[in-house]
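> Need a 3D model of the following:
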Amino acid sequence: MELSGHLVADPPAPPVPDAPELAGAPPKPRWLRWKRIKVGLAGLTCLVVATVGYLAVTAPLSKSLQPIAPPEITLLAADGTPIARNGAVTDAPVKVASLPPHVVHAFLAIEDRRFYSHWGVDPRGIARAAWSNVTGGSTQGGSTITQQLAKFTFLTAERSLTRKARELLIAFWLEAWLTKDEILERYLSNAYFGDNTYGLRAASLHYFHRQPEKLTEGQAALLAGLMKAPSRLAPTNNFALSQKRMRVVLQTMVEAGYMTEREAKAVATPRLDVRDRSELPTGTYFADWALPQARQIEAAGYAGQTYRTTLDSRLQAAAHRAIRQAGAGKTQVALVAMRKNGEVVAMVGGRDYSASPFNRVTQARRQPGSTFKLFVYLAALKAGMTPEDTIANTPIEAGSYRPQNAGGAYSQTITLEDAFARSSNVAAVRLFAKVGDEAVIDMARRLGVTSPLPAGDPSLALGTASMTLLELTSAYAGVAANSFPVAPRAFPVPEAGWFDWLIDGKRSLSSRDHAAIEEMLRATINRGTGHAAMLRAPNFGKTGTSQENRDALFVGYSGDLVVGVWVGNDDNTPLKGISGGTVPARIWRDFMRDALGERPAPRPKAADPDGPVQPLDVPGIGDIPVGDDSHIRIEDGQAVISTKLEGVPLDLRIDGQGLRIGSGEPSPPPAARITPSPTPTP
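Residues are numbered from 1 along each chain as shown. So this is what the prediction gives:
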């Protein structure tokens, strides 16, 4: 076929229409798009303005530029009884210009190196802290000195997004109205330094009996190091820990260029010079623990504050009564009772506060013994094991670490439930090796244990790592509530906000694992080492006895109460004839019987909030130990002891004429009379 000699070009293709035109819709004018963008921006602006307006109204901006005066704080028990009145230890404010450069440099290096270059909020510091926390580095905070000043002087201690937003707003406000030196001076003059001491001048005089203008580099670094955790790092409580933190501060000063590595190493550890104070003590272990928390509560910095704590006067009296009845001799005893949410309702830090205010609930770090096995068995349950699974219960004869069972009780195999109930040491060590130390330590961390837990040490399974009784009891509270970690607190838990549950970090056990661990805790009391703690109500617990019987513990829960009991000697000498299943278990049982109403408790007096401070250590007539099934009362001027004899109720009435024995009826006829011998005249 022959082609034509003329080539005809193809017609040009029409332009591709927009998608709306393909669909048959008319094109949108450009002005309409811009209008929508403007409306969106206007809406966003209104939202921001409304948010700022709300925060401006609710945040105490009007007070943020006023002088800060530390309050006198009155603490009340839950029933309104005053238990402590105390004013903070303060002194005159400091002036940055009068301080040696190394004092200012120590605080800037460890708390806010870019203080003089940011506007109250440091995005670089926040990003650095977030990256360190996400990548598994040391946990860091991104708050600037200005934010910290806003937080501890003008806001409450609640953890919520709203409070954080107010903190940022106040920080910007402070930066706008105060100079950098004025902000730093307020921060240094009002920060908490532990030991109920506020402000750099008061802290300098308290710890070193020296004005802040004359602080050495070592003293300044030690004080700056307290900012991270003032109560825990206070050198009067833990000098070794505060010294370690001081070295961290010196290293940050090197990194910030304030001193050389050689100069930092040459700084000597300062010596403390703590003098006696003239003010009266608060009077109870609980009050000493609660006061620092009260300083962080709403309206801190303004005089005349009264706070109702979680302390229950009835339960506090029951705790003292249970300890007195225990017959523990001269050994020290500590008890803490809390609700499942961490609200502490009773605390006894030792046998006699006036003789030793050292709190063995919150300050003493002792070995938990077999109570630590809770974490070992929880890790095993999480790995898929059950209480019915078996493990070898024979002596361990390989390796350098060879633990033994109490009393030499062994068997070929044993179920996990029986091993837990009978507190088999060899089974716990084998189980620890089976699940791995990482799993056990991770479980302890999830339940809120923050004390050092050495990896690779099989003795950890038997509780050789020290911790406080408060820390251990809080972990058990997390199991009781199946929501952890539980933070112990002296004041009622605030209501969570709408979105706070998203960031509270709470975890829980599966229903299978929770039921299994409670089965084991129950078996410990029903047929194991904790039999002495038996109650009529369902109760769960674990005994613990540390190496060479230096510490004896019982920790458990029933109803809404979680209670930890520790018995030991301050000089760490071994206990004689005391283990976790003896005196601690009996103290726990006696306290719980009163707390849960399993035996009559003395009727408390009506609270008088306007009355004197109550030390809660004075025994009442009902505190006199007369036996488990007996109690004493005063009736018509007579002392009446109600008891039972072979199930028959009897009343023993004592008056000026002698002892009468009745049938226990409201008005018993006199059955016998015993005339007392005449009292010799001195």
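> OK, contacts around residue 567?
328, 331-334, 551-553, 575, 578, 583-584, 587 (C-beta atoms under 8 Å, 6 or more residues apart in numbering). All C-beta atoms are positioned from the backbone trio N, CA, C, and that covers glycine.
> Looks to me like it is in a strand.
Yes: assigned with DSSP: H, G, I helix; E, B strand; the rest coil, residue 567 falls within a strand.
> what is the nearest residue to it once chain neighbours are set aside paired to in the beta sheet?
Of all residues not flanking residue 567 in the chain, residue 552 sits nearest, at 4.6 Å (C-beta to C-beta, 6 or more residues apart in numbering). For residue 552, the beta-bridge partners are residue 545, residue 567 (DSSP bridges).
> what residues are up against residue 552?
Residues near residue 552 by C-beta under 8 Å, 6+ apart: 369, 544-546, 566-568, 575, 578-580, 582-584.
> Could you export the residues you listed to a markdown table, including columns for distance to residue 435?
Output for those, formatted as a markdown table (distance: C-beta to C-beta, whole Å):
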| residue | distance to residue 435 |
| --- | --- |
| 369 | 20 |
| 544 | 20 |
| 545 | 23 |
| 546 | 22 |
| 566 | 27 |
| 567 | 30 |
| 568 | 29 |
| 575 | 31 |
| 578 | 31 |
| 579 | 26 |
| 580 | 23 |
| 582 | 30 |
| 583 | 32 |
| 584 | 28 |
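> Now do the strand or helix carrying residue 592: which elements does it pack against?
Using DSSP states H and E, residue 592 falls within helix 583-595. With contacts defined as 3 or more C-beta pairs under 8 Å, 6 or more residues apart in numbering; DSSP states H and E, helix 583-595 has these neighbours: helix 313-324, strand 332-339, strand 540-545, strand 551-558, strand 561-568.
> can you redo those as TSV with distance to residue 487?
Output for these, formatted as TSV (distance: least, C-beta to C-beta, whole Å):
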stretch	distance to residue 487
helix 313-324	20
strand 332-339	10
strand 540-545	21
strand 551-558	17
strand 561-568	13
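> Show me the one of these that comes nearest residue 594.
Residue 594 sits nearest to helix 313-324 of all the helices and strands packed on helix 583-595, at 3.8 Å, using C-beta to C-beta.
> And that closest one, what does it pack against?
strand 332-339, strand 344-348, helix 583-595.
> quick one: average pLDDT of the longest one?
It stands for helix 583-595. Throughout helix 583-595, pLDDT has a mean value of 97.
> just the angle between it and strand 344-348, please?
With axes from the mean of the first three to the mean of the last three C-alpha atoms, to 10 degrees applied, the angle from helix 583-595 to strand 344-348 works out at 130 degrees.
> Can you give the distance of helix 583-595 from its chain's centre?
23 Å (C-alpha atoms, centre = their mean, to the nearest Å).
> Other residues contacting it?
314-315, 318-319, 321-323, 325-328, 333, 335, 337, 346, 530-535, 539, 541, 543, 552-554, 556, 558-559, 561, 563, 565-567, 578, 598-599, 601, 628.
> If we use 7 Å, what do you get?
315, 318-319, 321-323, 325-326, 328, 333, 335, 337, 530, 532-535, 539, 541, 543, 552-554, 556, 558, 561, 563, 565-567, 599, 601 (C-beta atoms under 7 Å, 6 or more residues apart in numbering).
> C-alpha coordinates for it, PDB please?
The C-alpha atoms that make up helix 583-595 are tabulated as PDB, following Å, rounded to 0.1, in the frame of the first residue of the first chain:
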ATOM      1  CA  VAL A 583       7.500 -11.100 116.400                       C
ATOM      2  CA  PRO A 584       6.900  -9.200 113.100                       C
ATOM      3  CA  ALA A 585       4.000 -11.500 112.100                       C
ATOM      4  CA  ARG A 586       2.400 -11.100 115.500                       C
ATOM      5  CA  ILE A 587       2.700  -7.300 115.500                       C
ATOM      6  CA  TRP A 588       1.200  -7.300 112.000                       C
ATOM      7  CA  ARG A 589      -1.700  -9.600 113.200                       C
ATOM      8  CA  ASP A 590      -2.400  -7.600 116.300                       C
ATOM      9  CA  PHE A 591      -2.500  -4.300 114.400                       C
ATOM     10  CA  MET A 592      -4.700  -5.700 111.700                       C
ATOM     11  CA  ARG A 593      -7.200  -7.200 114.300                       C
ATOM     12  CA  ASP A 594      -7.700  -3.700 115.700                       C
ATOM     13  CA  ALA A 595      -7.700  -2.000 112.200                       C
END
